[in-house]
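# My questions concern the predicted model and sequence given below.
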Amino acid sequence: MQRKVAAEFFGTALLLLAVAGSGVMGDSLASGNAAVALLANSLATGAGLYVIISLLGPVSGAHLNPVVTLMSWAEGECDMRQALAYAAAQVSGAVAGVWAVHGMFGLRVLQFSTKSRATAGLWLSEVIGTALLLLLIRTASGRKDEKLPAYVALAVTAGYWATSSTFFVNPAATIARSLTDTFVGIRPADAGPFVLAQLVGLGLVLGIARMLRR
């Protein structure tokens, strides 16, 4: 169990290192061109995800995301104790990853985002994005598809560009991104509605799964 929880902590930390680090680097090199910064951010995140899931999937399942863990618990694939341990590791790992980025780039470690993300369109984007990601994971896992890491990495890379919210779809990442006033940030006041939208997306997937079983 400890090995699995450690894998979730370090895996989520590495994910946020890729997300936040590429955001800082892309923004600093893009000379104000947001499209170039987003391209760098999405490609680095997708590439990082592929490596992390490929390496840690055999250890912990590489959930890296509390809604993935909650889906696993709801479907009886793990117990509540493991789900809570995973979620705690994911949130703390995500925050650690963001703080590591601040240290690497010489930024103040403790900070809060001032980037506003508070519209109904963004919330709907998170509901749809989370549901699609979970459906993909559930489908590929159900048939034990070895290409799952590639599916998730490509879906996230595409999601950056196909959704108005840039595909946060992860409560741990959302919380951590509220603690960085950089390209990938989100105001702490806006993080709550994003997490709620992600949980709604999870609820939709679980509802669909229950209907199909009937």
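Nice, I can see it. Residues are numbered from 1 along each chain as shown.
# Counting by contacts, list what the lowest-mean-pLDDT helix or strand in the chain packs against.
Ranked by mean pLDDT, DSSP states H and E, the helix or strand of the chain with the weakest confidence is helix 188-213, at a mean of 94. Applying 3 or more Cβ pairs under 8 Å, 6 or more residues apart in numbering; DSSP states H and E, we find helix 188-213 packed against helix 66-74, helix 120-142, helix 171-177. Placement of C-beta: from N, CA and C, glycine included.
# Buried ones in it, by neighbour count?
For helix 188-213, burial by neighbour count (16 or more other Cβ atoms under 10 Å) applies to 190-191, 193-195, 197-206, 209.
# Contact partners for Asp145?
Tyr151 (Cβ atoms under 8 Å, 6 or more residues apart in numbering).
# what's the most buried one of the helices and strands packed on helix 188-213?
With neighbours defined as mean count of other Cβ atoms under 10 Å, the helices and strands packed on helix 188-213 peak in mean count at helix 171-177, which reaches a mean of 27.
# That helix - what's its average pLDDT?
Here helix 171-177 scores 98 as its mean pLDDT.
# just how off-centre is it within its chain?
7 Å (Cα atoms, centre = their mean, to the nearest Å).
# just stretch 37-51 next, same as before
12 Å.
# contacts for that stretch?
By Cβ under 8 Å, 6+ apart, the list of residues contacting stretch 37-51 reads 14-15, 17-19, 21-23, 25-27, 29-30, 64, 149-150, 152-154, 156-157, 160-161, 166, 183-184.
# could you dump that stretch to PDB, C-alpha only?
This file holds the C-alpha atoms of stretch 37-51, laid out as PDB (Å, rounded to 0.1, in the frame of the first residue of the first chain):
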ATOM      1  CA  ALA A  37       2.700  29.300 -24.800                       C
ATOM      2  CA  LEU A  38      -0.300  27.000 -24.800                       C
ATOM      3  CA  LEU A  39       1.200  24.800 -27.500                       C
ATOM      4  CA  ALA A  40       4.400  24.300 -25.400                       C
ATOM      5  CA  ASN A  41       2.300  23.700 -22.300                       C
ATOM      6  CA  SER A  42       0.000  21.100 -23.900                       C
ATOM      7  CA  LEU A  43       2.800  19.200 -25.600                       C
ATOM      8  CA  ALA A  44       5.000  19.000 -22.500                       C
ATOM      9  CA  THR A  45       2.000  17.900 -20.400                       C
ATOM     10  CA  GLY A  46       1.000  15.200 -22.900                       C
ATOM     11  CA  ALA A  47       4.500  13.900 -23.200                       C
ATOM     12  CA  GLY A  48       5.000  13.900 -19.400                       C
ATOM     13  CA  LEU A  49       1.700  12.100 -18.800                       C
ATOM     14  CA  TYR A  50       2.600   9.300 -21.300                       C
ATOM     15  CA  VAL A  51       5.900   8.600 -19.400                       C
END
